[in-house]
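Asker: requesting a structural model of the entry that follows:
(one chain, ligands or ions: 2)
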Amino acid sequence: MIVYLGVFVIGLLTLGLVMGAALVGLGFKDYLLRNHAVASEALVWEDRGPTPLGEMRYTPQGLTWAEGRLIFANCWRDTRSRVYEIDPATMQVQRHFDMPPEAVHTSGLAWDGQWLWAVDHKSNRGYCIDLEASLAQGQIQLRGQFDTTLRGTSACCLMPWNGEQVLAISDFMHSRRTILVRHQQALAAGTAQGAIVFAYRNEGFSQGLEFINGYLFESENKRGDDAVNQIDLARLAVSQYARTATIRQYRAPYRGVEDLAWDGQRLWTSDEVNFRFFYAKLDPSPTPDPRHGDGKPA
Ligand SMILES: [Ca+2]
Ligand SMILES: [Ca+2]
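Answerer: Ligands and ions are numbered 1, 2, ... in the order given. Predicted coordinates for the structure are as follows:
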């Protein structure tokens, strides 16, 4: 009897060890571990209503702010992606257009002041879009596209890096890297290959990117422990790792956090569990002094 019990206990221990090793080996370490280097800060998220066709479980994806409007993309069960113009006061859809047929999971959007940039999780391509013409005609007007070189293309945003504007593009799982791309060069060449000026290790589950007052904000979907990380660029340049460059961490409004957008005062996002929009007032200050990397004024 005691022998049987001993074998049973050893079996259980072995099973536990094997499962633990498997989790680590499969890369679930980041899923289990939180960033304890920084304290979690609460944002007061306000519910801004349902995402288009959320009742059909069409998942919210890309989000950006463009000239006083929200530009939002959702994904029709990986068969189609649609881009919407939403009035932020009423949250009503004004106009829309569909992405090209191969772009069935358009996961990131960014506005450069003239063109809309979109990246797609399935086609792993970046798209440069004439937003006004596309909305006016109800049909996408593409300026061009390029291969992101990633295999799980997730979010994107425009940001400054060493004196030039680049497009940050994150990889969900796969390489777990966010790359900083000379996007005009990538567009001309048809590929980001040779146009990547920097890359860092993200938290593995990057779902959103936005650049606010000198900081990079990246959302991560950890299924119940979702967060938005405020990343210091000077620290990032040195560590090349989002975790050690994160100076503040905010709780996401809900599980399944998606892409981020900034209207100048508030951070916007959505989620793919409740299918709703949220925003929260955010004070990202102080603006970092370029002579210091700590986000504090000189
Ligand atoms: Ca997404
Ligand atoms: Ca965005």
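
Asker: how far off centre is stretch 159-172?
Answerer: The chain centre lies 13 Å from the centre of stretch 159-172; the measure is C-alpha atoms, centre = their mean, to the nearest Å.

Asker: next one: stretch 219-239
Answerer: 10 Å.

Asker: show me the contacts for Leu53.
Answerer: Shown in contact with Leu53 (C-beta atoms under 8 Å, 6 or more residues apart in numbering): 74, 76. For every residue, glycine as well, the C-beta is placed using N, CA and C.

Asker: hmm, Val38 is touching Thr246, no?
Answerer: Yes: counting by C-beta atoms under 8 Å, Thr246 is a contact partner of Val38 at 5.5 Å.

Asker: quick one: which of those two has more around it?
Answerer: Thr246 (24 against 16; other C-beta atoms under 10 Å).

Asker: wouldn't the more buried one be in contact with Gln230 here?
Answerer: Yes: with contact defined as C-beta under 8 Å, Thr246 counts as touching Gln230 (6.5 Å).

Asker: number of residues surrounding the nearest residue to Gly138 once chain neighbours are set aside?
Answerer: Closest residue to Gly138 apart from its sequence neighbours, by C-beta to C-beta, 6 or more residues apart in numbering: Phe97 at 5.6 Å. Phe97: 19 surrounding residues under other C-beta under 10 Å.

Asker: bridged to Phe97, which residues?
Answerer: Beta-bridge partners recorded for Phe97 (DSSP bridges): Val83.

Asker: give me the pLDDT value at it.
Answerer: According to the prediction, Phe97 has pLDDT 98.

Asker: correct me, but it touches Arg82?
Answerer: Yes: taking C-beta under 8 Å as the definition, Phe97 is a contact partner of Arg82 at 7.4 Å.

Asker: what do the two both touch?
Answerer: With C-beta under 8 Å, 6+ apart, Phe97 and Arg82 have no common neighbours.

Asker: what bits of the chain have low per-residue confidence?
Answerer: Applying pLDDT under 70 to the chain flags residues 1-3, 5-9, 15-37, 39, 286-298.

Asker: residues touching the residue in it that ligand 1 sits nearest to, list them.
Answerer: Residue of the chain nearest ligand 1, by C-beta to the ion: Ser107 (4.1 Å). For Ser107, the contacting residues are 61-62, 73, 75, 119-121, 153-155, 172, 207, 259, by C-beta under 8 Å, 6+ apart.

Asker: which SSE is it in?
Answerer: Per DSSP states H and E: Ser107 is located in strand 106-111.
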